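Visitor: predicted structure and sequence below. I'll ask about it afterward.
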Amino acid sequence: MKFENVRKILRNSFKLVCPECGIGKLFEKGFKMYSHCPKCGLKYEREQGYFIGAMYINYGATVLLIFPGYFFVSLFPIIPNILNIGFWCLISGLFPTFFYRYSKSLWLNIDYSIDH
């Protein structure tokens with residue numbers, strides 16, 4: 001995969017725009033996703049369960065944030081362990097909600113770049 005393709009995937013993913021045209025928005029508002037691109041008409045969800053891969057991306061990103069974060073903070077003995085655990089439990093509940101839209105966008109953009 002070329003560097004330009006990776007850059008395009010990341011740019012479109014984090015701007016939450018269509019992988020085909022790079023203009024149409026993926027989400028109407030909140031967590032409600034358009035079924036097709038408002039600009040070019042690309043169908044976003046191709047089949048039932050298409051975005052299961054996005055759940056893996058979200059889970060992986062959460063784990064990659066939580067585990068190193070916990071162990072890094074545990075290096076500082078001034079912070080009690082119960083506070084460290086509580087903080088990362090809170091983050092592990094909030095981060096996937098924040099990252100939900102981006103994981104769906106990443107999945108869609110990666111899949112589109114492989115298929116086209």
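Guide: Thanks, I have the structure now. Numbers count the residues shown, from 1 in each chain.
Visitor: give me the below-cutoff pLDDT ranges for the chain.
Guide: Within the chain, the ranges that satisfy pLDDT under 70 run 1-3.
Visitor: tell me where it has helices.
Guide: In the chain, the segments counted as helices under DSSP state H are 3-15, 52-73, 81-115.
Visitor: so which residue is dead centre in the chain?
Guide: residue 103 (2.0 Å; Cα atoms, centre = their mean).
Visitor: quick revisit: quick one: closest of the helices of the chain to residue 31.
Guide: Of all the helices of the chain, it is helix 81-115 that lies closest to residue 31, at 6.4 Å by Cβ to Cβ. Bear in mind the C-beta positions are built from the backbone N, C-alpha and C, glycine included.
Visitor: report the buried residues of that closest one.
Guide: By neighbour count on 16 or more other Cβ atoms under 10 Å, the buried set for helix 81-115 is 84, 88, 91-92, 95-96, 99-113.
Visitor: equivalent analysis for stretch 51-61, please.
Guide: Quick answer for stretch 51-61 (16+ other Cβ under 10 Å): 51, 53-54, 57-58, 61.
Visitor: now do stretch 7-20
Guide: Residues of stretch 7-20 classed as buried: 9, 12-13, 16-20 (neighbour count, 16+ other Cβ under 10 Å).
Visitor: alright, calling it a day.
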